Every structure is written in structure tokens, then in C-alpha cells.
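In: sequence plus the predicted model coming up.
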Amino acid sequence: MKSVKLAELNDNQKEMLDLAYSGEILLISRPAERNVVVMSEAEFNKSEKSLKNSDRGFKNRVEMRELALIAENTAIQKRAEDIIKAMKQSGLDDETIQNIMKLSENNLIKNLI
């Protein structure tokens with residue numbers, strides 16, 4: 001990126017635009033920090049494509065995380081079902097099993113699930 005003063009751009013407009021067209025990105029310094037960037041359409045399109053791809057990548061990562069959470073929750077649910085089944089097979093009544101599940105919700109046996 002080349003930094004150019006507004007006066008230099010005005011004095012050498014054709015050369016500066018040719019420079020931008022050849023791939024150089026120009027930062028035009030203006031008073032009061034009102035700077036602008038000049039680039040070729042090809043560079044602009046590359047930047048746009050890159051932004052879209054990074055946004056798509058972010059969305060894909062979010063979707064993958066959501067799928068991982070669903071899989072994790074499914075595994076937890078399956079493990080809880082297995083534990084309840086084992087408790088029933090061991091002869092525990094429904095009330096006792098419900099009390100154990102309440103304890104689980106209070107993080108007392110969550111490591112088992």
C-alpha cells in the first residue's frame with residue numbers, strides 16, 4: 001500500500017490511477033483524517049471474494065460447533081438413558097430414580113452422565 005497526499009494525486013492523476021490499475025493500493029491522505037483508498041476493480045473484487053469466503057468460513061465453523069453440540073447432547077442423552085435403564089434393572093423404583101436425576105441436575109452426579 002502506497003500512501004499519497006491528495007495534492008500528489010491531483011498533480012499526477014493519470015500516473016496514480018495507472019499505479020492503482022497495476023495492482024498497487026493507494027491510501028490518499030486527506031485533512032482531518034478523512035483518508036480514502038484507491039484500488040483497481042480487480043483488487044476490489046479479490047477483496048470482496050476474500051471477505052465473502054471468510055464470512056462463509058465463519059458460518060461453517062458456527063454450524064460445525066452447533067453440530068458438535070447436538071452430537072454431544074445426543075451422547076449425554078444416550079448415556080442418561082443407559083444409566084436409568086441400569087437403575088431400573090437393579091430394582092430401583094421410579095421415585096428413587098427421579099430423586100437421583102434431581103441430584104444429577106444439581107451437578108452431584110453429572111460426571112457419571
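Out: Perfect, I can see it now.
In: and Asn10, what pLDDT?
Out: On pLDDT, Asn10 comes in at 90.
In: Three-state assignment for the residue lying farthest from the centre of the chain, please.
Out: In the chain, counting by CA atoms, centre = their mean, Gly91 sits farthest out from the average C-alpha position, at 48.2 Å. Assigned with DSSP: H, G, I helix; E, B strand; the rest coil, Gly91 falls in the coil class.
In: how close does it sit to Lys5?
Out: Using CB to CB, to the nearest Å, Gly91 is found at 87 Å from Lys5. To be clear about C-beta, it is placed using only N, CA and C from the backbone, and glycine gets the same treatment.
In: repeat for Gly23
Out: Gly23 is 21 Å from Lys5, by CB to CB.
In: follow-up on the earlier one: quick check: the residue farthest from the centre of the chain vs Ile97, distance?
Out: Using CB to CB, Gly91 is found at 11 Å from Ile97.
In: find residues that contact each of the two.
Out: By CB atoms under 8 Å, 6 or more residues apart in numbering, Gly91 and Ile97 have no common neighbours.
In: which residues in this protein form helices?
Out: Assigned by DSSP state H, the chain shows helices spanning 6-11, 13-21, 41-89, 94-105.
In: centre of the chain to the second one, how far?
Out: Same thing as helix 13-21. 37 Å (CA atoms, centre = their mean, to the nearest Å).
In: over to the third one?
Out: When C-alpha coordinates are averaged (CA atoms, centre = their mean), helix 41-89 and its chain have centres 11 Å apart.
In: then the first one?
Out: Going by CA atoms, centre = their mean, the spacing between the C-alpha centre of helix 6-11 and its chain's C-alpha centre is 41 Å.
In: show me what that helix is packed up against.
Out: Here helix 6-11 touches strand 26-29, going by 3 or more CB pairs under 8 Å, 6 or more residues apart in numbering; DSSP states H and E.
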